[in-house]
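Student: Sequence and predicted model, in that order:
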Amino acid sequence: MSQRPLRSVPVYGWLFAATPPFGLTAGIAAAFEGGERVWWPVSRAWAAGILRTAGIDDIEVRGVEKLEGLGHCVLMSNHQSHLDPPLIIRSSSRPISFLAKIELFRFPGFGWALRRLGHIPVDRRQRESAFASIEKAAEEVAEGRAVLVFPEGTRGTEADLLPFKKGGFVLAIKSGAPIVPIGIGGTRTVYPPGWWVTGRGGRVAMVVGDPIPTDGVTLEDKDALMAEVRERISQLRDEARRIAGFD
């Protein structure tokens, strides 16, 4: 076995060993009023463990204070690596729900915990089901929640953003929530695509931008909104890459 596969063993060791007890604890806590005071710190500890075992020894986060006191919002970030969700979870003191592909909810135990914690499954292969998930998410966001969406839909490259999916923008418009753009840099170098492949470890960065309001925006305006958010995320991604030392 080569050294590259060996370097990924701690990551998957942590996932397989830590996810069941962390997920069970968080899921049980979520059943009680005020349970976010337990399940979100537990989620952050789980995420921090993933980042440590991936070899990340330096994390720079800027602008995350913009999430505090914001009320309902839809977070949108570029997506380059499996480390992006743990990085966002670890970096926010505010609980965040995820709009995530339904396949993740089919893992025994892990899927149960995701549902208990309010994360929302989306079956992108079934149009009607996907729209129903967006409608459900819009209702929950309107009640004051923060939901994270990766508008590219899957992991992209560092060279450019993939075309954006419309679902997250429909969610923001229907809920009347501002969109908070986020740029992430360095995670693809640290942990590129591939089950056994890790990078060289090192520094990553996350930059949270100013909220983009959706008040008065209609579904007919979503293309213009998508273009504005895409440009802002691209700028924040480039800034995060400079901070992480990859530009």
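Tutor: Sure, I can see it.
Student: Which of the helices and strands in this structure ranks last by mean pLDDT?
Tutor: Every helix and strand in the chain was compared by mean pLDDT, DSSP states H and E; the lowest is helix 3-29, with a mean of 67.
Student: how close does the spatially most central residue of the chain get to V217?
Tutor: Nearest to the mean C-alpha position of the chain, by C-alpha atoms, centre = their mean, lies P85 at 3.9 Å. Going from P85 to V217 by C-beta to C-beta, to the nearest Å gives 27 Å. Every C-beta, even on glycine, is put in place using the N, C-alpha and C of the backbone.
Student: Equivalent analysis for F22, please.
Tutor: Using C-beta to C-beta, we find F22 at a distance of 38 Å from V217.
Student: thinking R232 is in contact with P181, fair?
Tutor: Yes - using C-beta atoms under 8 Å, R232 is in contact with P181, at 4.3 Å.
Student: where do the contact lists of those two overlap?
Tutor: 209, 212 (C-beta atoms under 8 Å, 6 or more residues apart in numbering).
Student: Who has more neighbours out of the two?
Tutor: Shown here are R232 and P181; by other C-beta atoms under 10 Å, P181 has more neighbours (26 against 19).
Student: which SSE is the more buried one in?
Tutor: strand 179-185 (DSSP states H and E).
Student: Please tell me the pLDDT value assigned to D215.
Tutor: For D215, the pLDDT comes out at 90.
Student: before we move on, what about S129?
Tutor: Here the pLDDT value assigned to S129 is 66.
Student: Point out where the protein drops to low pLDDT.
Tutor: Scanning the chain for pLDDT under 70 picks out 1-10, 12, 15-16, 124-129, 157-159, 193-201, 247.
Student: ranges for the strands of it?
Tutor: Under the criterion DSSP state E, the chain contains strands at 56-62, 73-77, 97-101, 120-122, 146-149, 179-185, 202-208.
Student: wait, doesn't D84 sit right on I184?
Tutor: Yes - the pair formed by D84 and I184 meets the contact definition of C-beta under 8 Å, at 5.6 Å.
Student: joint contacts of these two?
Tutor: Here D84 and I184 have 77-78 as joint contacts, going by C-beta under 8 Å, 6+ apart.
Student: of those two, who's got more company?
Tutor: I184 (26 against 22).
Student: Please give me every residue in contact with the residue nearest to G111 when sequence neighbours are not counted.
Tutor: The shortest distance from G111 to any non-neighbouring residue, by C-beta to C-beta, 6 or more residues apart in numbering, is to F105 (3.9 Å). Residues in contact with F105 (C-beta under 8 Å, 6+ apart) are 111, 114-115, 119, 121.
Student: repeat that for 10 Å
Tutor: 111-115, 119-123 (C-beta atoms under 10 Å, 6 or more residues apart in numbering).
Student: Quick one: these as CSV, columns for distance to G69 and neighbour count too.
Tutor: Formatted as CSV, those follow (distance: C-beta to C-beta, whole Å; neighbours: other C-beta atoms under 10 Å):
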residue, distance to G69, neighbour count
G111, 32, 17
W112, 32, 14
A113, 28, 25
L114, 27, 21
R115, 28, 13
H119, 23, 19
I120, 23, 22
P121, 29, 20
V122, 28, 25
D123, 34, 15
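Student: which of these lies closest to I96?
Tutor: Checking the contacts of F105 against I96 with C-beta to C-beta, the nearest one is H119 at 9.2 Å.
Student: pretty sure the closest one is in contact with K136, am I right?
Tutor: No - counting by C-beta atoms under 10 Å, H119 does not reach K136; the two are 11.6 Å apart.
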